[in-house]
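A.B. asks: need a structure here:
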Amino acid sequence: MDVNSIFSHIDHTQLKAFATWDDIRKLCDEAIRYKTASVCIPPTYIKKVHDTYGAQVNICTVIGFPLGYSVKEAKLAETKQALLDGANEIDMVINISDVKNGDFEKVENEIKELKAVCGEHILKVIIETCYLTTQEKIRMCQIVTSAGADYIKTSTGFGTGGATREDIALFKEHIGPGVKMKAAGGVKTKEDLEAFLELGCERIGTSSAIGILTGQTGEGNGY
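C.D. replies: Here you go, the predicted structure:
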């Protein structure tokens, strides 16, 4: 698979709690050089990246991250501020406790309200597959579809497990035609990158793609 084509599907990611401006600036410079789909960064850096780089980088950020159990009103406020600061794409974490409690209507309503705030901006829904049963994953495919979100995403990269090929195959079987897929967490080899793209993922979230595809060392932050 062509390396440049792979880069065009990468959300180049730095989400560590101790990420410095130097880390974020390096991420953005790499994203521009290798033409990645976006940079995925903490909300606190959105405005500075937007002010520094303008349209040179496509800014993605995370909401309710990484645990998902902040209240809906907090997620809505985070989303509104992120868009105001210059983000174009929102990766939200569902309330996993609501899924476990079987409160699927609440989960769907939260996604719908965040998508309403996003409007034409992309909303990706992180369901954190490592904590869900197969039936819960299938139900979330249905909910993400009916809620009108743009993507279903496997993982935060901070849970007990990341993306698997089996979960992407399950998504592909159960999502609606308007929903795209993003694999994230634990994508560490070129084989992984190619496999997820061949399975139909439109995006892959990783901090390691540049190191993997260029042979550089010291790349990646564990996502």
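
A.B. asks: Got the phi and psi for residue 124?
C.D. replies: Dihedral angles of residue 124 (phi, psi; degrees, to the nearest 10) stand at phi -110, psi 140.

A.B. asks: Residue numbering should commence at 307 henceforth.
C.D. replies: With 307 as the first residue, the last one maps to residue 430.

A.B. asks: Quick check: bridge partners of it?
C.D. replies: Note on residue 430: beta-bridge partners residue 397, residue 457, judged by DSSP bridges.

A.B. asks: Touching, it and residue 399? I think so.
C.D. replies: No. Under the criterion of C-beta atoms under 8 Å, residue 430 is not in contact with residue 399, lying 10.1 Å apart. C-beta coordinates here come from the backbone N, C-alpha and C atoms, glycine included.

A.B. asks: OK, contacts around the nearest residue to residue 473 once chain neighbours are set aside?
C.D. replies: Among residues not flanking residue 473 along the chain, residue 435 sits closest, at 4.8 Å (C-beta to C-beta, 6 or more residues apart in numbering). By C-beta atoms under 8 Å, 6 or more residues apart in numbering, the contact list for residue 435 reads 443, 460-461, 467, 469-470, 473.

A.B. asks: Give the helix, strand or coil label for residue 510.
C.D. replies: strand (DSSP: H, G, I helix; E, B strand; the rest coil).

A.B. asks: distance of the residue nearest the centre of the chain from residue 441?
C.D. replies: With distances taken as C-alpha atoms, centre = their mean, residue 397 lies nearest the centre of the chain, 4.7 Å away. According to C-beta to C-beta, to the nearest Å, residue 397 stands 24 Å off from residue 441.

A.B. asks: where are the low-confidence patches of this structure?
C.D. replies: Scanning the chain with the threshold set as pLDDT under 70 gives 523-528.

A.B. asks: repeat that with 90
C.D. replies: Within the chain, the stretches with pLDDT under 90 are 307, 521-529.

A.B. asks: just the strands in it please.
C.D. replies: Taking DSSP state E as the test, the strands found in the chain are 316-319, 344-347, 365-369, 395-399, 428-432, 457-459, 486-490, 509-512.

A.B. asks: Give me whichever of those is most buried.
C.D. replies: Highest mean neighbour count of those: strand 509-512, a mean of 29 (counted as mean count of other C-beta atoms under 10 Å).

A.B. asks: and that one, what does it pack onto?
C.D. replies: strand 316-319, strand 457-459, strand 486-490, helix 496-504 (3 or more C-beta pairs under 8 Å, 6 or more residues apart in numbering; DSSP states H and E).

A.B. asks: could you redo those as JSON lines and give each row distance to residue 411?
C.D. replies: Putting the helices and strands packed on strand 509-512 into JSON lines (distance: least, C-beta to C-beta, whole Å) gives the following:
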{"stretch": "strand 316-319", "distance to residue 411": "30"}
{"stretch": "strand 457-459", "distance to residue 411": "18"}
{"stretch": "strand 486-490", "distance to residue 411": "24"}
{"stretch": "helix 496-504", "distance to residue 411": "31"}
